[in-house]
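# What would the 3D arrangement of this be:
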Amino acid sequence: MMFFFILITGTMITVSSNSWLGAWMGLEINLLSFIPLMNSNNLMSTEASLKYFLTQAMASAVLLFAIMMEYLNNFPITQENSMYNDLIITSSLLLKSGAAPFHFWFPNVMEGLSWMNALTLMTWQKIAPLMLISYLTQSKFILLVVITSTIVGSLGGLNQTSLRKLMAFSSINHLGWMLAAMQANESMWLIYFTFYTFLSFSLIFMFNNFKMYHINQLFNSFFNSKILKFMLFLNLLSLGGLPPFIGFMPKWLVIQMLVMKSQYFLMTIMTVMTLITLFFYLRLCFAAFMLNYYESNWTMNSFVNNASFKTMLILSFISTFSLILISMIYLFL
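Sure thing, here's the model as predicted:
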């Protein structure tokens, strides 16, 4: 609990800081409190925490270097110098958040974490770097990162059997959308991030309850409970952004913003790449629904009367029917 509280404090320091040095300090506090949370006394988590520490420490060092360059007054800061500094700062923050082409550590670290730590890494740990990126104006570089993130996030997930890696590549794809939302509108990325956090939580809550880590576990689970199976896969499709689920709404808003800004090329690439992510989600659903797998007896417990089951049902209902309800309310008003 103490480390979790320090983790939250670190992010808050970064977000509320009015100087780059204060922001860097918040990032460091956040990093140092997350590493003890990652370690679950097994080889995988130890390796993941070491990889995470090394990449984040490197990003922090580069960020500190760029901040010091900003603060040095030994030479007159020209427009060109300032631009390069902004580029270095943006790159180090993108490395911290795990956006492509700085994404190589992210799936490997995710693979070694428990589901709750993976959720923290996918959501909370992105708030501080993204907030700092939104202060910078590196539009051309960010647009390049948006394109690479959406491409890597969609193509990287095609060949995966691990659910954690699949969620990691999905996260990289969504990060591309968040950065595009950031370029389109200052607060739009926060709306997208909120939706993404909710959908990730509702999926990971289910994975964590049933201790699922690989795709084949999805196939031979819930043989007796069809409701759970439907809930799981509707949540997956919602995360992919398929209408008429709520996951489509933030994508819809971003597409609308990009069209208003006349960025048709970027919007087309992002939409096509999202279709690829939807393809591998649909592939999971087809295999699980169409083929009749038998479930091992010990995996089916009396779960239906459980409080967790009710929580899953509520989350899935919101995820599945919210967009339809919002549209109906809007029509009647």
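# Low-confidence regions, this protein specifically.
Applying pLDDT under 70 to the chain flags the ranges 73-81, 222-224, 291-305.
# remind me, longest helix of it?
The residue-count maximum for a helix in the chain (DSSP state H) belongs to helix 43-71.
# what's the neighbour count on D86?
Residues near D86, counting by other C-beta atoms under 10 Å, number 17. Where C-beta positions appear, they are placed from N, C-alpha and C, glycine not excepted.
# For the strand or helix carrying it, list every residue counted as buried.
Assessed by DSSP states H and E, D86 sits inside helix 79-97. By neighbour count on 16 or more other C-beta atoms under 10 Å, the buried set for helix 79-97 is N85, D86, I88, I89, T90, S91, S92, L93, L94, L95, K96, S97.
# Next up, the contacts around the first one.
Think N85. With contact set as C-beta atoms under 8 Å, 6 or more residues apart in numbering, N85 has these partners: A66, M69, E70.
# now the last one: how far from L21?
When C-beta to C-beta, to the nearest Å is the yardstick, E70 and L21 sit 10 Å from each other.
# Could you do the second one as well?
Distance from M69 to L21, counting by C-beta to C-beta: 13 Å.
# thinking again about what came up before, closest one of the contacts of N85 to M116?
Relative to M116, the closest of these is A66; by C-beta to C-beta it sits at 32.9 Å.
# Once you drop chain neighbours, what's closest to the closest one?
Spatially, and ignoring its direct neighbours in sequence, A66 is nearest to I88 (4.1 Å; C-beta to C-beta, 6 or more residues apart in numbering).
# The helix or strand hosting M206 packs against which elements?
Assigning secondary structure by DSSP H and E places M206 in helix 188-209. On a contact count with 3 or more C-beta pairs under 8 Å, 6 or more residues apart in numbering; DSSP states H and E, helix 188-209 meets helix 115-122, helix 124-133, helix 163-184, helix 226-240, helix 248-260, helix 307-332.
# relative orientation of it and helix 307-332 in degrees?
Orientation check (axes from the mean of the first three to the mean of the last three C-alpha atoms, to 10 degrees): helix 188-209 against helix 307-332 gives 150 degrees.
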